[in-house]
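Asks: Structure, please.
(3 chains)
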Amino acid sequence: MFKPLKRSFFERNTLEVAPELLGKNIILRQSRKKERRGIIVEVEAYTNDDPACHAARGKTLRNEVMFGPGGFSYVYFIYGMYHCLNFVTEEEGIPGAVLIRALEIPDEDPRIASGPGKLCKHLKITKNHNKLDCCNEDSSLIVTNNNSNKKHCFPITQTQRIGISQASHYPWRWYIKDNPSVSKTIEKRV
DNA sequence: GACCGGATCCGT
DNA sequence: CGGATCCGGTCT
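Replies: The predicted structure follows:
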């Protein structure tokens, strides 16, 4: 059995949580036996008081999970064809989330989950996975520490966020340097 | 009820 | 760089 990260991990400043999610495992239980795993290699932070954040204009039906406790999933549908996975940060009442932009999937092509839409497609993450409490060990979606040999010793690159028009210059994107599963590496570094 | 733009991806 | 494709937010 795997131990999910505690709620106290998520209920901190989004800009602290985001880079710390790099190297962590996402575990998705799809049935009693079947389980998929991915290593987080690229993230972006979206905070309260951030024009690009879905919560920037207050609570709506779509974004309300961002206003709740940390550690919940926020999955939304975009461009008529893709889903994107986030984990809610900050304490209850303060919206914030970390967008998971790329995963390294063991024994798979490194490009199979190299983007926020691609990773949801590969893991079959849909709106059914919205609002799951990922700190509950019985949840079908959890995040765990990586116990493998290639521990926390990896260089991290910080750049501007990509794919957005509002506040795109904020340097709130982090990825594992030289990891082949990162979506793009051409953006301006900080 | 209608309109419009989007935290994407792929092929050209 | 354009097209696919559809939902949520906003305004009427």
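
Asks: all strands of chain A, in order?
Replies: Along chain A, counting by DSSP state E, strands occupy A:25-29, A:35-47, A:73-78, A:82-88, A:96-104, A:141-144, A:156-159, A:173-176.

Asks: is the fifth one up against DNA strand C anywhere?
Replies: So that's strand A:96-104. No: legend: contact between strand A:96-104 and DNA strand C by CB under 7 Å from any atom of the strand is lacking; minimum distance shown is 13.5 Å. From N, CA and C alone the C-beta is placed, and that goes for glycine too.

Asks: What strands flank that strand, and is each parallel or antiparallel?
Replies: For strand A:96-104, the pairing partners within the sheet under DSSP bridges are strand A:35-47 (antiparallel), strand A:82-88 (antiparallel).

Asks: Of those strands, give the one that comes closest to A:G71.
Replies: The minimum distance between A:G71 and these falls on strand A:82-88, with 6.6 Å, by CB to CB.

Asks: Hey, what's the angle from the closest one to strand A:73-78? Just curious.
Replies: 150 degrees (axes from the mean of the first three to the mean of the last three CA atoms, to 10 degrees).

Asks: Which residues does strand A:82-88 contact?
Replies: Counting by CB atoms under 8 Å, 6 or more residues apart in numbering, strand A:82-88 makes contact with A:10, A:17, A:21, A:46, A:65-66, A:68-78, A:96-100, A:116-117, A:119-121, A:125-127, A:129, A:134, A:143, all of which sit outside it.
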